[in-house]
Each structure stands twice: as C-alpha cells, then as structure tokens.
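Enquirer: Build the 3D model from these lines:
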Amino acid sequence: MQVQLEKYTVRMAEGQTCAIKEISKKDGVTLTVFRFCWTKENAERNDSFTVGWLEDVPGVMYEWDARCRLSRDLNPHWDDRFRSMLSSHSPVTCYFDGTDTNRCLWALSECGKLIELKNGLRDQTGSLNLHFSFGTGQFTGQYETQITLYTDTRSIPMRKAVEGVAAWWAEDCGMTPMRVPDDAREPLYSFWYSYHQNVNEADVEAECCRAKDLGFSLCIVDDGWQTEDNNGSYPYCGDWLPAPGKFPDMAAHVRRVHEIGMKYILWYSVPLIGYRSAHYERFRDMLLRDEPGLSAAILDPRYRETREFLVQIFRKALTEWDLDGFKLDFIDSWRESSDNAPYNGWMDIPALQDAVDVCMSEIVKTLTQLKPDVLLEFRQSYIGPHMKRFGNLFRVADCAGDYLKNRASILDLKMLMGDQAVHSDMLMMAPFEDPRVNALQIISCMFGVMQFSGRLEKLDERTLKMSRFWLSFLKEHKTLLQSKNLTAYESNLLYTWAKATENDECAVGVYAVDKVVRPDAASTVYIANGCMGERVFIELNGAYRVLVYNCFGEICGSFEKTFTGVEELAVPVGGLVEMRKSR
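Expert: Model (predicted):
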C-alpha cells in the first residue's frame, strides 16, 4: 500500500504504518523524524518500507556520495542505487554545482542497518528523485524504529555540508569516533606493494633499518607473515600463527624492529578462514558464506563462539608479540548477501550488522584495555560513522600507482572522517620511474597520511633523496597538512588544487597544469607543484621572500617578490615553493 506524508510517498505492506513525528530546523538543516511501525508477521516476511520524494533544486550539476567514486556524474532516476550498512559506506548524498557549492544534501541517522538508497534525476522534469528503503527483519525483537532524514539545501561549500553530516552523526546520533593516537598521523612504511606475500623476518628487519634511515618510524607488515604459500590467495588465513620458515620467533622479531626504532602493525583478514586452515573444520558450520575465489570462507559473527575466537586471536597477538597495532582487512566482507547463511537457533545475534557491531566492539574494547594507543587501520569501503568507533586509521582503497584516485579519495574521505587519520593507499615508487614523477605521488597525498611501499634497496639515490626531502616536509608540517581547515577545489574535476591553513601558515597542492591557485595571505606559504607543468600561477598580494626547491630539496631559486594579483613562478615538476612575508 502507499500513503502520502507531506511531500513523501511511503510504500509498505499491510500491517505497517509510518508517520512523521517531527520536522525541525537546526542551524539551517531540516530534520524530519519518521516513525515506522510493523507487526511480528511483517518482520518474519522482512517486509520493507520505501520512502520517496522529489526535490526541485536549481543549480544541480554533479553528485557525490559516500562510495567516494571517481565519477561525479548525475544518474537517471531509474539507475543509481547503493547500499549502506555498518560494514560498508554510509547513507549520504550531496548534489552540488560548478563552484563546489552545495545545492542539496540528504543523509539518514540509521547507519548500522542495511539501507538501500536511490538517487537520480527525473528525466521528465529535472527534479531530483530520491528514495531510501529498508527491511524490517533486521530489527531483532523490535517492531518500530525512528529514522531522521537530514536535509541541507544551504548555499555553502559542499565540503562543509558533508562535514556537517559527519559531525551530526558523531555529536547528535551517538556514533562517537575512536580516539586517534599521535602515531596514527605519522607517515608509515608498508610491506605490501614492495614485498607482497614474500616477507620474512630478515627482509623485514633489513628494510626497517632502511626505512628508519629514510625517516619512517612506523611499519605495516602485510599478508604473507602467516603462510608459506605465496600464491596470492587466502587458504591459510584463520589460524594466525607465524609461518615458521619466515618468522620463527615473532616476539623476538618484533622486539628487534622496536630496537631499530620502528613501531609494528600486523595485517589480519578479520572474517576470512581459509579452506586449509587448521580451524576450518571447527567453524565449517559457523560460516556466513563461501568465497571460492579467495580459497576461503567468511566467519559468521552471529555466533558467540566465532566472536570469542576472533577476540582471543587479537588479544593473544597483542600481548605475546607486543604489537603496536593491526591492519584489519576485509571487514566489508560481512555484508548482506543472498548467499549468506540463514539465521538458526545456535546464533545468539540474529541480525548480521548487529553482530558485526558487537564483534568489533568486543575486539576494540579488549585491545584498548591492553594498549590504549593501539593503532587500528581500516580501508574503504568500511568508512561509515560506526566504523569510526572502531578504527583510527582510514586508508584509501587499493589503487596501486593511481595518482588520481589516491588524491581524490583522500580529499573525499577527509570530508567524512572528522578528526580520524586519513591514509593514502601505499605509494609504489617504481625504481625505473623518474624521481620527479614519483614526487607527484607524494604531493598527491600530502593532505592525508602517506603510506610508502617502494622497495628501498632497489631505489636509486636520486629517488631516495627525493623521498627523504618530501618525507621530511610531511613530518615537519604534519599539523598544517592534516588540518581540518582544508579546502579542496573543483570536486567535479577530482580536485585541481587544495589548501590547508593553520597557525598563520598555508600549504597548497597544485594538481593541474597552469591552474591559478589562491593561498591564504598567511605569513608562510608553501606551494607544492603536483603536476607536470614547470610553473605555477599564484594569486596573492604582498611582499615575500621566496625559495624554490626542486623535488630533491635543492634550492633552484631565491628572491624577493611583491605579489600584486596573479603572478607566475617557475617551479620544477615535483618541486616546492616556500614563501615568507618580508614586511
């Protein structure tokens, strides 16, 4: 059946009801509170509610949502759907114009349950055609719920609109983010692209010595430590014992890495249990589904025994090996799917996303009690507000060698993450590449936290010199570069430039050839040339002492200059301009 509530059309089954409980304005945002009710029979059938409405909004040219895709295109009303749940994405979409000004943002307070969202432009009228729907079966023992629709049509920068939603989730909806230790904001060395599964204690310790010399103090040892099988799949995940031929004494190995001066994060594919794992038979009747392509299955967190097993695994590793953190991978494999095992009476939590919440809560509580500053890395797509309760490093999804996706995803994620540390995907640093071009990788991620994965023993002295210069710059100016006072321009073009300002300093990254950038008139201004052009155009007024560095940190220009509007400066590819007010 169908009912009309104000401008909202609600479709539901017999026995279900929906009412608008309240409509209010808060700081220019409209909050519409819906109350949904249903019967036990509705829940057993998993009957759904669908709420749809039209918005006539002038100026809409582009669309952004929490999937953080590279595309900003508008979709027809029949085509664009995505799913939000605790383990994946979040329920928010922003429509904006050609000046990055918000035209219409909408979001929901329900970020844990599975919500189907639909965004599109109605081709008959040009109206935005918006929908959300959800099934009732996931609300265990519950026959009503309230969901608040958050709508923002203010003419403010789209970044500010999205940041406003993130703050609303954290401050008004009870999804309080995990505390972020200082180390979470430090650039780190990752062993993934540089070594893949071919890791062993001797290579890790030798590379950590090289990484420490370069300026790193934190590393992630990725997949491969737990298996002698280096074929790229996951048949042995689930036991989480060091491969004896690679790491015969993990505690002693971690201790030696600590003595080098490096902190140690270890990779785990949290839900996976490989077909050849010693624990597979124990859990073969407690699996969410099979993933033959991974040579593994997905553990079902709806079973208490499964959750206790995972908590014990992480507790044991932290206490026995003195790790500093965990890279927790594949959490988005705990997704709703038609292939998932049905509920049965042996499960103590019927709804999957509720079980994920409990499982992650138990893991984080255990680890933070043992080590309050434990580092927990998550990655796209599990980047929603509930995930911020469980992780303090949020990394861009795998995009090896992709300058554009790394940059755009960092700048997108920073809108959603608030104070959480946003990390780049690992930088490959191919040894045959021109160091100037490799420098563009670093500049592309300068407003996040750099993860570096070039194999240092294979890099030539010029690439190492470039890396040392830029790593030093990132570390020295960490507070400025990771400031929340960040503005990124031309989202529709995946950000042609960006700037951050803090404590009378301004840092600018330039990502398009001959783009005019407008730094704030701070006492100190840094301009990083992150494109293949040999010049930058700066719109500024005032007298500055200017130093120009190439990508190796060598001074190639030093002069006084009075800026009176748009001025051109010669800057090498991958180079840096440092400007200090002279009067």
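
Enquirer: what's in contact with stretch 190-201?
Expert: Here stretch 190-201 makes contact (CB atoms under 8 Å, 6 or more residues apart in numbering) with 203-204, 207, 219-225, 227, 229-232, 245-249, 253, 256, 267, 400, 426, 428, 451-456. All C-beta spots, glycine's among them, are computed from the backbone N, C-alpha and C.

Enquirer: Can you flag the buried ones in those residues?
Expert: With neighbours counted by 16 or more other CB atoms under 10 Å, the contacts of stretch 190-201 contain buried members at 203-204, 207, 219-225, 227, 229, 246-247, 253, 256, 267, 426, 428, 451-456.

Enquirer: before we move on, the earlier item: so which of the contacts of stretch 190-201 belong to strands?
Expert: Cys219, Ile220, Val221, Trp267, Gln451, Phe452 (DSSP state E).

Enquirer: Point to the helix or strand of this structure where mean pLDDT is at its lowest.
Expert: In the chain, the helix or strand scored least confidently by mean pLDDT, DSSP states H and E is strand 80-84, which has a mean of 89.

Enquirer: quick one: strands adjacent to that strand?
Expert: strand 115-119 (antiparallel) (DSSP bridges).

Enquirer: quick one: whatever helix or strand comes next after the partner strand to strand 80-84, angle?
Expert: As assigned by DSSP states H and E, the chain's next helix or strand after strand 115-119 is strand 128-135. Angle, strand 128-135 to strand 80-84, by axes from the mean of the first three to the mean of the last three CA atoms, to 10 degrees: 40 degrees.

Enquirer: Below-threshold pLDDT in the stretch 451-583 of the chain: ranges please.
Expert: When residues are selected by pLDDT under 70, those of the stretch 451-583 of the chain lie in 583.

Enquirer: Which pair of the ones in strands among the contacts of stretch 190-201 spans the longest distance?
Expert: Trp267 and Phe452 (16.1 Å; CB to CB).

Enquirer: now the ones in strands among the contacts of stretch 190-201 in CSV, with distance to Gln353?
Expert: Compiled in CSV, those are given as follows (distance: CB to CB, whole Å):
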residue, distance to Gln353
Cys219, 33
Ile220, 27
Val221, 30
Trp267, 24
Gln451, 29
Phe452, 35
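
Enquirer: ok so, going back, looking at the contacts of stretch 190-201, which are in helices?
Expert: Asp203, Val204, Glu207, His253, Arg256 (DSSP state H).

Enquirer: In JSON lines, list these along with distance to Leu130 and pLDDT.
Expert: Below are those laid out as JSON lines (distance: CB to CB, whole Å; pLDDT from 0 to 100):
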{"residue": "Asp203", "distance to Leu130": "52", "pLDDT": "98"}
{"residue": "Val204", "distance to Leu130": "50", "pLDDT": "98"}
{"residue": "Glu207", "distance to Leu130": "50", "pLDDT": "98"}
{"residue": "His253", "distance to Leu130": "53", "pLDDT": "98"}
{"residue": "Arg256", "distance to Leu130": "56", "pLDDT": "98"}
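
Enquirer: didn't Glu144 look like it was pressed against Phe34?
Expert: No - with contacts counted by CB atoms under 8 Å, Glu144 stays clear of Phe34, the gap being 10.7 Å.

Enquirer: give me the number of residues near Asp434?
Expert: Other residues within reach of Asp434, judged by other CB atoms under 10 Å, total 15.

Enquirer: Use 41 as the first number for this chain going forward.
Expert: Taking 41 as the first residue, the last one we looked at is Asp474.

Enquirer: Against Arg123, how distant is it?
Expert: 42 Å (CB to CB, to the nearest Å).

Enquirer: now Val606
Expert: 46 Å.

Enquirer: go on, Gly333?
Expert: Taken as CB to CB, the span from Gly333 to Arg123 is 21 Å.

Enquirer: Which of the two has more residues huddled nearby?
Expert: Counted by other CB under 10 Å, Gly333 and Arg123 do not tie: Arg123 has more neighbours, with 14 against 8.

Enquirer: Where does pLDDT dip in this structure?
Expert: Scanning the chain for pLDDT under 70 picks out 623.

Enquirer: buried stuff in stretch 498-515?
Expert: Leu499, Thr503, Leu504, Lys505, Met506, Ser507, Phe509, Trp510, Leu511, Phe513, Leu514, Lys515.

Enquirer: The second one and Met468 touch, don't they?
Expert: No - Thr503 sits out of contact with Met468 when judged by CB under 8 Å, with a separation of 11.5 Å.

Enquirer: Tally up the residues packed near Arg121, please.
Expert: With other CB under 10 Å as criterion, Arg121 counts 13.

Enquirer: That one contacts Ile155, doesn't it?
Expert: No - Arg121 lies out of contact with Ile155 (CB under 8 Å); the separation is 11.0 Å.

Enquirer: I'd like the distance between Met455 and Leu312.
Expert: Met455 is 30 Å from Leu312, by CB to CB.

Enquirer: now Tyr135
Expert: 38 Å.

Enquirer: helix or strand for Ser401, which one?
Expert: helix 392-410.

Enquirer: For the following helix or strand past that helix, C-alpha coordinates in CSV please.
Expert: Next along the chain after helix 392-410, taking DSSP H and E as the criterion, comes strand 415-419. Output of strand 415-419 as CSV, limited to C-alpha atoms (Å, rounded to 0.1, in the frame of the first residue of the first chain):
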residue,chain,number,x,y,z
LEU,A,415,46.6,1.5,16.1
LEU,A,416,43.7,0.0,14.0
GLU,A,417,43.7,0.5,10.2
PHE,A,418,40.5,0.2,8.2
ARG,A,419,40.1,1.0,4.5
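
Enquirer: ok, and what's touching strand 415-419?
Expert: 218, 221, 223-224, 258, 260, 303, 305, 364-369, 371, 404, 407, 427, 430-438, 463.

Enquirer: Going through those residues, which ones are buried?
Expert: For those, buried by 16+ other CB under 10 Å: 218, 221, 223-224, 258, 260, 303, 305, 364-369, 371, 404, 407, 427, 430-437, 463.

Enquirer: mind listing which of the residues you listed are in helices?
Expert: Val404, Leu407.

Enquirer: residue ranges of the strands in the stretch 91-240 of the chain, please?
Expert: For the stretch 91-240 of the chain, the strands defined by DSSP state E, counting those that start in this stretch occupy 102-105, 120-124, 132-136, 142-148, 155-159, 168-175, 184-192, 228-230.

Enquirer: cool, the stretch 441-590 of the chain as well?
Expert: Under DSSP E, counting those that start in this stretch, the stretch 441-590 of the chain gives strands at 461-463, 491-492, 526-529, 537-542, 545-550, 556-557, 564-569, 575-589.

Enquirer: Quickly run through the sheet partners of the last one, with directions.
Expert: So the one you mean is strand 575-589. By DSSP bridges, strand 575-589 pairs with strand 556-557 (parallel), strand 595-610 (antiparallel), strand 616-621 (antiparallel).

Enquirer: Of all the ones you listed, which one comes closest to Thr79?
Expert: strand 556-557 (59.4 Å).

Enquirer: was I right about Asp279 contacting Ala318?
Expert: Yes - counting by CB under 8 Å, Asp279 does reach Ala318; the two are 5.1 Å apart.

Enquirer: quick one, which of the two is more surrounded?
Expert: Asp279 (16 against 12).

Enquirer: In which helix or strand does that one reside?
Expert: Here Asp279 is assigned to no helix or strand, by DSSP H and E.

Enquirer: any idea how far it is from Ile371?
Expert: 19 Å.

Enquirer: likewise Asp222?
Expert: 24 Å.

Enquirer: Do a quick rundown of the strands in the stretch 291-440 of the chain.
Expert: 303-309, 312-314, 327-331, 336-339, 365-369, 415-419, 433-435.

Enquirer: what packs against the fourth one?
Expert: For strand 336-339, the elements it packs on are strand 312-314, helix 320-323, strand 327-331, helix 344-361, judged by 3 or more CB pairs under 8 Å, 6 or more residues apart in numbering; DSSP states H and E.

Enquirer: can you pull the contacts of the residue lying closest to Ala562 once chain neighbours are set aside?
Expert: Spatial nearest neighbour of Ala562, chain neighbours left out: Cys546 (4.1 Å); criterion: CB to CB, 6 or more residues apart in numbering. By CB under 8 Å, 6+ apart, the contact set of Cys546 is Leu520, Lys539, Ala540, Pro559, Asp560, Ala562, Thr564, Val565, Tyr566.
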